[in-house]
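Novice: pasting a predicted model and its sequence here:
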Amino acid sequence: QVQLVESGGGTVQAGESLRLSCVSSGRRGTIMGWFRQAPGEAREFVAAIRRRDGYKYYANFVKGRFTVSRDNAEGPMYLQINSLKPEDTATYYCALGARSDSYAYSDRTESYDYWGQGTQVTVSS
């Protein structure tokens, strides 16, 4: 049974930082990623990290404010978000791609096979 559990969300002021965590169990996968979804919006890619070598992928809007990381290939995945803006308000989801080519299109939701329940990030101005 595969489980992804996110934590670290909350309500913060603009300009503050948050560190989100995702703990996975039951399947290793080839890539893990972060997506976010604001009310009424489509789920969008934020960042991902490839398991075999730690290569990182980022959405264009990240612009250096977001950093994805893992301490090792088996440990939790993190998303450090600095200088938070009200437009970052969303539910942030952790996802795991289990297929051998999941990392080929790391920014697509269909590349991921398992999803967490999400953690809410709310940024007030």
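Specialist: Okay, I see it. Numbering: from 1, shown residues only.

Novice: can you pull the contacts of the closest residue in space to residue 120 that isn't next to it in sequence?
Specialist: Using CB to CB, 6 or more residues apart in numbering and skipping the chain neighbours, the partner closest in space to residue 120 is residue 9 (4.8 Å). For every residue, glycine as well, the C-beta is placed using N, CA and C. Contacts here follow CB atoms under 8 Å, 6 or more residues apart in numbering; on that basis residue 9 touches 18, 20, 91-92, 119-121.

Novice: what of residue 112?
Specialist: Applying CB under 8 Å, 6+ apart, the residues contacting residue 112 are 31, 33, 95-97, 102.

Novice: excluding its backbone neighbours, what's nearest the residue most central in space within the chain?
Specialist: Most central in the chain under CA atoms, centre = their mean is residue 34, positioned 1.7 Å from the mean C-alpha point. In space, residue 34 comes closest to residue 46 once its chain neighbours are excluded; the distance is 4.3 Å by CB to CB, 6+ apart.

Novice: so how many other residues sit close to that neighbour?
Specialist: A count of nearby residues for residue 46, using other CB atoms under 10 Å, gives 24.

Novice: with residue 122 instead?
Specialist: 14.

Novice: one more: residue 42?
Specialist: Residues near residue 42, counting by other CB under 10 Å: 8.

Novice: got it, and residue 21?
Specialist: Residue 21 has 16 nearby residues by other CB under 10 Å.

Novice: helix or strand: which one has it?
Specialist: strand 18-25 (DSSP states H and E).

Novice: sheet-wise, list the partners of the helix or strand just after that strand with their directions.
Specialist: Once strand 18-25 ends, the next helix or strand along the chain (criterion: DSSP H and E) is strand 31-37. Sheet pairing for strand 31-37, assigned by DSSP bridges, gives strand 44-50 (antiparallel), strand 90-97 (antiparallel).
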